[in-house]
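S.K.: return atomic coordinates for the entry below.
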Amino acid sequence: DALDPPAHCPDTLLMPEPHPEFESAWTRFQARDRLILGPETLESAWAHGRDRYAALLIPVDDPDTVAYAREVIERLADIPGVEPYPEEYWHITIKGIGFLCDPARGPDEVSDAQMEEVAERLGEIAASERPFDVIAGRVNAFPEVVFIEVWDGGRVRELNMQVLERVPGITRQPFDGPTF
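M.R.: Below you'll find the predicted structure:
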C-alpha cells in the first residue's frame, strides 16, 4: 500500500533525472537484509567524539508535508531499529559545513571565527534567493537513515553548488555538487 506525496504539490515540479549510478545503488540497497543501527553507523565513527556540527538546513514546517511525514513514520514504526527524529529536526539539507572546533585541525572542522565568515556568506546567498516549491516524494534510505525524497526541480542542488562556489574554504564532500 504505497504512500502518495501531499496532494497540494504543483504538477509543474518534476523529479530530476536520477544520477546514472542510482539504479545500481538502489539495487544494492534492496539486497540488504537490514538497516545499520545506531552504534554501528558511519555517523558515530565519523564524529570521533565531536558533538557540534554546522549545516545549512531548511526546516520542514508545511502542514501537509508534516502530515505526510507523520504517516510515513507511523507506517515504519514497527520496524526494529527505526527511530524517528523529533519533528523540530525535520529538514532539507543544503550543505554540511563541518564540526565546530576551536582550533579547527582537520578538513571537516571549522573554527568559531571561520564559522562567522561562513555564516556571513550564507546570509548573502540566502538574501539573493527567491522562494521555491518542493514536493515531498518517495520514502528512500541510506544504510543509516530513512528519509523522504525532495523533488524540487534541482533547486536544492543549485543552492549546494552556490555554497561550494561562493564560500571560500568550505569542505567539498563526495556527494556535493552535480550529484547532490
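S.K.: secondary structure element for residue 46?
M.R.: Residue 46 is part of helix 42-47 when elements are defined by DSSP states H and E.
S.K.: for the residue nearest in space to the middle of the chain, name its beta-bridge partners.
M.R.: Centroid check for the chain by Cα atoms, centre = their mean gives residue 93 as the closest residue, at 3.4 Å. With DSSP bridges as the criterion, the beta-bridge partners of residue 93 are residue 57.
S.K.: show me what contacts residue 140?
M.R.: 146-149 (Cβ atoms under 8 Å, 6 or more residues apart in numbering). For every residue, glycine as well, the C-beta is placed using N, CA and C.
S.K.: lowest mean pLDDT among the helices and strands, pick that one out for the chain.
M.R.: When the helices and strands of the chain are scored by mean pLDDT, DSSP states H and E, helix 42-47 comes last with a mean of 64.
S.K.: just the helices from the protein, written as ranges.
M.R.: 22-31, 42-47, 63-76, 112-127, 155-166 (DSSP state H).
S.K.: not counting sequence-adjacent ones, nearest residue to the residue of the chain most remote from its centre?
M.R.: In the chain, the greatest distance from the average C-alpha position (Cα atoms, centre = their mean) is reached by residue 103, at 26.7 Å. Nearest non-adjacent residue to residue 103, counting by Cβ to Cβ, 6 or more residues apart in numbering: residue 111, 5.6 Å away.
S.K.: can I assume the one you found is in contact with residue 105?
M.R.: No: checked against Cβ atoms under 8 Å, the pair residue 111 and residue 105 is beyond contact range at 9.4 Å.
S.K.: compare the two (neighbour count), which wins?
M.R.: residue 111 (15 against 10; other Cβ atoms under 10 Å).
S.K.: give the contact list for the more buried one.
M.R.: Here residue 111 is in contact with 100-104 (criterion: Cβ under 8 Å, 6+ apart).
S.K.: widest-spaced pair of these?
M.R.: 100 and 103 (11.1 Å; Cβ to Cβ).
S.K.: tell me the one among the contacts of residue 140 nearest to residue 138.
M.R.: Closest to residue 138, out of all of those and judged by Cβ to Cβ, is residue 149, at 5.1 Å.
S.K.: is it true that the closest one touches residue 138?
M.R.: Yes: Residue 149 lies in contact with residue 138 (Cβ under 8 Å); the separation is 5.1 Å.
S.K.: would you mind listing which of the contacts of residue 140 are buried?
M.R.: 146-148 (16 or more other Cβ atoms under 10 Å).
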